[in-house]
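*Asks:* Just to be clear, the model below is a prediction. Sequence and coordinates:
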Amino acid sequence: MHVHLLLHLQWTASMIAHKRRTHPFTEGHPATGYDQEEHGLARSVQVPPGEADSRGEGGRVPDPMTVASGISAAGALVSAWQLRRRALRAEAEIELLQAELVAERHAASHDPLTGLPNRRAFYRLAATLLTDAAGKPLVAVVLDLDDFKLVNDRYGHAAGDQVLVSVAQRLSAFAGDNLVARLGGDEFAGLLASPTVDRRWIEHATRRLCEALAAPIPLGARTVQVTASVGLAPVHCPTQLADALCRADAAMYQAKSVGAAQRPRQLVDTPQLAEC
């Protein structure tokens with residue numbers, strides 16, 4: 001639409017200039033009535049009624065100044081439209097870059113298989129939670145699946161990955177708003193808010209955790225049940241986090257050794273607990 005308007009205005013201006021230059025009676029003669037009428041064409045040219053709709057109201061073409069103003073206005077509109085397109089394109093590119101940045105940050109801090117925070121993110125988030133807790137007791141949890149290698153050897157690594165995903169989902173459901181992470185392999189960790197750190201609460205929390213993991217995990221046409229060894233340790237401030245995780249890890253291995261002493265040991269054994 002803008003291009004057609006520009007072409008029409010340019011054509012009108014050129015026709016006026018051409019008529020003025022080539023008229024045989026205008027050069028060297030005083031202005032006659034015809035010349036005056038021709039001169040009036042510069043201000044307003046009468047066109048046939050049939051062309052009035054395309055050239056202007058009443059069949060008259062605007063004078064050159066109006067034409068020039070119209071061309072400038074049309075050019076300004078086109079320029080504004082182009083700038084708007086560039087701005088929209090730039091906004092889209094910025095949004096795409098921001099989305100890619102968010103995805104990269106998420107990938108750097110989360111386990112790609114389970115979607116849980118990874119080891120590095122766990123330490124950072126746990127330190128923040130302990131700072132916000134302002135001395136209120138929290139419980140560090142370390143969990144390791146028992147005989148997970150048997151799952152991989154018997155059913156394949158794809159099945160093992162499916163088991164890890166199911167375990168991660170159950171741990172997340174158990175923890176609720178609390179922090180759960182995959183440290184690596186079949187090892188998970190968490191930081192649980194606790195109204196108290198007495199033995200009764202710890203046993204209750206562990207029992208609920210075991211129940212969350214007890215249900216069979218479907219693997220195609222078959223199901224498998226896994227067990228886990230769990231260690232817990234109270235922690236009150238960020239400076240105690242590393243030590244609490246070490247104590248929880250030691251408690252977890254103690255639980256694993258207790259389970260290993262039970263014969264026969266199977267994938268359906270009840271998860272064991274050792275609390276430091």
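*Replies:* Okay, I see it. Here the structure is a predicted model, which is why all the values come from computation and not from measurement.

*Asks:* Next secondary structure after the one helix or strand Ala73 maps to?
*Replies:* Element membership for Ala73 (DSSP states H and E) is helix 64-109. Using DSSP H and E, the next helix or strand after helix 64-109 towards the C-terminus is helix 119-133.

*Asks:* what packs against the helix holding Ala73?
*Replies:* helix 2-22, helix 119-133 (3 or more CB pairs under 8 Å, 6 or more residues apart in numbering; DSSP states H and E). The C-beta positions use only the backbone N, C-alpha and C, and glycine is treated the same way.

*Asks:* Going by mean pLDDT, which of those helices comes out lowest?
*Replies:* Lowest mean pLDDT of these: helix 2-22, a mean of 52.

*Asks:* show me where pLDDT drops low in the protein?
*Replies:* Scanning the chain with the threshold set as pLDDT under 70 gives 1-71, 197, 259-276.

*Asks:* Pull up the pairing partners for whatever helix or strand Ala233 lives in, direction included.
*Replies:* In this assignment (DSSP H and E), Ala233 forms part of strand 228-235. Paired with strand 228-235 in the same sheet, following DSSP bridges, are strand 138-145 (antiparallel), strand 272-275 (parallel).

*Asks:* and the angle for the helix holding Ala73 with helix 119-133?
*Replies:* Between helix 64-109 and helix 119-133, the angle comes out at 90 degrees (axes from the mean of the first three to the mean of the last three CA atoms, to 10 degrees).

*Asks:* hang on, Ala181 is in a strand, isn't it?
*Replies:* Yes. The assignment for Ala181 by DSSP: H, G, I helix; E, B strand; the rest coil puts it in a strand.

*Asks:* what's the distance between Phe174 and Val180?
*Replies:* 8 Å (CB to CB, to the nearest Å).

*Asks:* Neighbour count: the two, which is higher?
*Replies:* Neighbours around Phe174 and Val180, counted as other CB atoms under 10 Å, are more numerous at Val180. The numbers are 23 against 18.

*Asks:* residues in contact with that one?
*Replies:* Going by CB atoms under 8 Å, 6 or more residues apart in numbering, Val180 touches Leu116, Pro117, Ala168, Leu171, Ser172, Phe174, Phe188, Ala189, Gly190.

*Asks:* same thing but 7 Å
*Replies:* The neighbours of Val180, taking CB atoms under 7 Å, 6 or more residues apart in numbering as the test, are Leu116, Leu171, Ser172, Phe188, Gly190.

*Asks:* Strands - which of those land there?
*Replies:* Phe188, Gly190 (DSSP state E).

*Asks:* closest to Glu203 among the contacts of Val180?
*Replies:* Gly190 (16.4 Å; CB to CB).

*Asks:* got a list of what that closest one touches?
*Replies:* With CB under 7 Å, 6+ apart, Gly190 has these contacts: Val141, Leu171, Ala175, Asn178, Leu179, Val180.

*Asks:* Where do the domain boundaries of the chain fall?
*Replies:* According to automatic domain parsing, the chain comprises the domains 2-80, 119-275.
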